[in-house]
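**Q** Next come a sequence and a model predicted from it.
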Number of protein chains: 2
Amino acid sequence: MTAMMGRDDFVAALRQIGAERYHHLHPFQKRLESGQLTREQVQAWALNRYYYQSMIPVKDSLILARLTTSELRREWRQRIIDHDGTDTERGGIEKWIALTDGVGLDRAYVESGEGILPATRFAVDAYVHFVHERSLLEAIASSLTELFSPQVIGTRVRGMLEHYDFIAPETLAYFDKRPVQAKRDSDFALDYCVTHARRAEEQKAVLNALRFKCQVLWAQLDALWYSYVEPAMVPPDAWRPGEGLAA
Amino acid sequence: MTAMMGRDDFVAALRQIGAERYHHLHPFQKRLESGQLTREQVQAWALNRYYYQSMIPVKDSLILARLTTSELRREWRQRIIDHDGTDTERGGIEKWIALTDGVGLDRAYVESGEGILPATRFAVDAYVHFVHERSLLEAIASSLTELFSPQVIGTRVRGMLEHYDFIAPETLAYFDKRPVQAKRDSDFALDYCVTHARRAEEQKAVLNALRFKCQVLWAQLDALWYSYVEPAMVPPDAWRPGEGLAA
């Protein structure tokens, strides 16, 4: 039987998962940041990740439905507002469409989801099902990848602006507010997990939920690499370079 | 508005999906059959496909729970019996374990599912969720890949016995009965889909369910190729050659 970890050790174990498994280590991410991708490869990334973005409020709504107090739901609903926007402020999904616009993809094609890789859909849907089927603690823990995103976003935005002449600052507006939002959200989720994991098995479940979520992100980049970098074998029906471009 | 197809055109459209999208066209499958894979690559295939095999009775139980007559359930339950076995006859899952035994993998490691690729899990689980969430017609239609398996199994078994000295006939016992079972099962499912798709939209849903299932199979081979053939980048935590071998 494993003993329960103290708070500091538990938080350190969570951060260690990020250090070893977060997708900032993936070669696709490294090429994206360092300007080594072609425009078509950046299009493939923007197109596929749109599906991930579009499902975030769905997974957050499923979590919202499982929270039993107004206080918790008020906290969590902010994530949905951030992604879906308000009358006066664009949400994250709309800003992601600005990104796919910016790299030259047709908006209706992107929104249809037609050209995304099956592996993207399977990975993203696995995330949605996970928050629906696992314990609430695990569902919340699976959001903890946001602990690792703020610094990665800075590197990514700087690198993309520097290296790609087809990327304008407005194209990357999605990322402007994400570091602050991700910090706020992950502070809350981390505190929730530390407080509610009261047995060693629950701590283990939290760690595994974070590992699972790292797999969801990693698998999306694997599929992009496999299909569009090396060996560049696009599966049947998925987007091929030159398709789905804005008129 | 699309017109409804006649029976022959509808069946031809289903078979066309197989001709273009079934995984017999995947380069991993072609290498497997023609003896071009290493023993480690065959191990990776056997290990990952075990997870698919192990979930087949789960997805069939979900379909069973949605069938509303004893007649339909008697028909469908045979699939579960085939995979789980009886007191006197080994089921398909046990025979798959004979296959992983035969290629030198440790049985407890295989059954734990620890080393499978996240992309395998996401694809297989997508199949399980599909039969749970979609219409019964679509759930049944997603089994129609068995229309295409009997001939592929013959090619695969012959090729593997001919080319790999580490494969014995007993190792491939899983495939002995599958052609007959698959023919019986797909005859039933095809008849069900032809009879119950009474509108053009339902025919379209059936065709899309079969496309989806082809994606589930294809994505599993993509992940094997990507991780173990080219560029051979194994994701974090997944099986690496040399791990999980029988003592």
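**A** Thanks, I have it.
**Q** check contacts around residue A:2.
**A** A:200, A:204 (Cβ atoms under 8 Å, 6 or more residues apart in numbering or on different chains). Every residue, glycine included, has its C-beta placed from N, CA and C.
**Q** Relative to residue A:200, how far out is it?
**A** As judged by Cβ to Cβ, to the nearest Å, residue A:2 and residue A:200 stand 5 Å apart.
**Q** cool, and residue A:108?
**A** 50 Å.
**Q** ok, and for the least confident helix or strand in chain A by mean pLDDT, which residues are buried?
**A** Least confident helix or strand, chain A: helix A:149-163 with a mean of 92, by mean pLDDT, DSSP states H and E. Neighbour-count burial for helix A:149-163, counted by 16 or more other Cβ atoms under 10 Å in any protein chain shown, picks out A:149, A:152, A:153, A:156, A:157, A:159, A:160.
**Q** hang on, the second one packs against residue A:22?
**A** Right, residue A:152. Yes. Residue A:152 is within contact range of residue A:22, at 7.5 Å (criterion: Cβ atoms under 8 Å).
**Q** now for the one helix or strand residue A:189 maps to, which elements pack on it?
**A** Using DSSP states H and E, residue A:189 maps to helix A:174-196. Packing partners of helix A:174-196 (3 or more Cβ pairs under 8 Å, 6 or more residues apart in numbering or on different chains; DSSP states H and E): helix A:7-21, helix A:70-84, helix A:92-102, helix A:136-141, helix A:149-163.
**Q** Need the CA coordinates for that helix. CSV is fine.
**A** Only the C-alpha atoms of helix A:174-196 are listed here, as CSV (Å, rounded to 0.1, in the frame of the first residue of the first chain):
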residue,chain,number,x,y,z
TYR,A,174,-6.1,33.6,-29.2
PHE,A,175,-3.0,33.3,-27.1
ASP,A,176,-3.1,36.9,-25.7
LYS,A,177,-5.3,36.1,-22.7
ARG,A,178,-4.7,32.4,-22.3
PRO,A,179,-1.7,32.7,-19.9
VAL,A,180,-3.7,34.8,-17.4
GLN,A,181,-6.8,32.6,-17.8
ALA,A,182,-4.8,29.4,-17.6
LYS,A,183,-3.0,30.5,-14.5
ARG,A,184,-6.3,31.4,-12.8
ASP,A,185,-7.9,28.2,-13.9
SER,A,186,-5.1,25.9,-13.0
ASP,A,187,-4.6,27.6,-9.6
PHE,A,188,-8.2,26.7,-8.8
ALA,A,189,-8.0,23.2,-10.2
LEU,A,190,-4.7,22.5,-8.4
ASP,A,191,-6.1,23.7,-5.1
TYR,A,192,-9.3,21.6,-5.7
CYS,A,193,-7.2,18.4,-6.4
VAL,A,194,-4.9,18.9,-3.5
THR,A,195,-7.8,19.5,-1.1
HIS,A,196,-10.0,16.7,-2.4
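**Q** Pick out whichever of residue A:108 and residue A:200 has more residues nearby.
**A** residue A:200 (13 against 10; other Cβ atoms under 10 Å in any protein chain shown).
**Q** ok now do that one, which residues does it touch?
**A** A:1, A:2, A:3, A:4, A:5.
**Q** Which of the helices and strands packed on helix A:174-196 sits closest to residue B:231?
**A** Within the helices and strands packed on helix A:174-196, the stretch nearest residue B:231 is helix A:7-21; the backing value is 18.9 Å (Cβ to Cβ).
**Q** what comes into contact with stretch A:239-246?
**A** Under Cβ under 8 Å, 6+ apart, the answer for stretch A:239-246 is A:40, A:43-44, A:47, A:101, A:104-107, A:109-110, A:114-117, A:228, A:234.
**Q** any idea which of the helices and strands packed on helix A:174-196 scores lowest on pLDDT?
**A** Mean pLDDT is lowest for helix A:149-163 out of those, coming in at a mean of 92.
**Q** what packs against the least confident helix or strand of chain A?
**A** Counting by 3+ Cβ pairs under 8 Å, 6+ apart, helix A:149-163 packs on helix A:27-33, helix A:174-196.
**Q** Would you format those helices as CSV with mean neighbour count and mean pLDDT included?
**A** Listed next are the helices and strands packed on helix A:149-163 as CSV, based on neighbours: other Cβ atoms under 10 Å in any protein chain shown; pLDDT from 0 to 100:
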stretch, mean neighbour count, mean pLDDT
helix A:27-33, 19, 97
helix A:174-196, 17, 96
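**Q** near chain B, which residues of chain A show up?
**A** A:20-21, A:27, A:118-119, A:121-123, A:125-126, A:129, A:211, A:214-216, A:218-219, A:222-223, A:225-227, A:230-231, A:233, A:235-237 (Cβ under 8 Å from any Cβ of the partner chain).
**Q** Could you point out the longest helix of chain A?
**A** helix A:200-228 (DSSP state H).
**Q** Quick check: buried residues in that one?
**A** Residues of helix A:200-228 classed as buried by neighbour count (16+ other Cβ under 10 Å): A:202-203, A:205-207, A:209-228.
**Q** Repeat that for stretch A:100-109.
**A** A:100, A:101, A:102, A:103, A:105, A:106, A:109.
**Q** Can you pull the phi/psi pair for the closest residue to residue A:48 other than its chain neighbours?
**A** Once flanking residues are discounted, residue A:48 sits nearest to residue A:120: 4.5 Å by Cβ to Cβ, 6 or more residues apart in numbering or on different chains. Backbone torsions of residue A:120, given as degrees, to the nearest 10, read phi -60, psi -50.
**Q** What average pLDDT does stretch A:116-129 get?
**A** 98.
**Q** Just give me how far that stretch sits from the chain centre.
**A** 12 Å (Cα atoms, centre = their mean, to the nearest Å).
**Q** Only the C-alpha atoms, please, for that stretch, written as CSV.
**A** Provided in CSV are the C-alpha atoms of stretch A:116-129 (Å, rounded to 0.1, in the frame of the first residue of the first chain):
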residue,chain,number,x,y,z
ILE,A,116,-9.6,16.7,-39.4
LEU,A,117,-7.6,13.6,-38.8
PRO,A,118,-9.6,10.7,-37.3
ALA,A,119,-6.8,10.4,-34.7
THR,A,120,-7.6,14.1,-33.6
ARG,A,121,-11.2,13.3,-33.3
PHE,A,122,-10.6,10.1,-31.3
ALA,A,123,-8.2,11.8,-28.9
VAL,A,124,-10.4,14.9,-28.3
ASP,A,125,-13.5,12.8,-27.9
ALA,A,126,-11.6,10.6,-25.4
TYR,A,127,-11.1,13.7,-23.3
VAL,A,128,-14.8,14.6,-23.4
HIS,A,129,-15.7,11.0,-22.4
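**Q** Next up, the contacts around the closest residue to residue A:162 other than its chain neighbours.
**A** If you skip the residues right next to it in sequence, residue A:162 has residue A:35 as its closest partner in space, 6.9 Å away by Cβ to Cβ, 6+ apart. The contact partners of residue A:35, by Cβ under 8 Å, 6+ apart, come to A:159, A:160, A:162, A:163, A:164.
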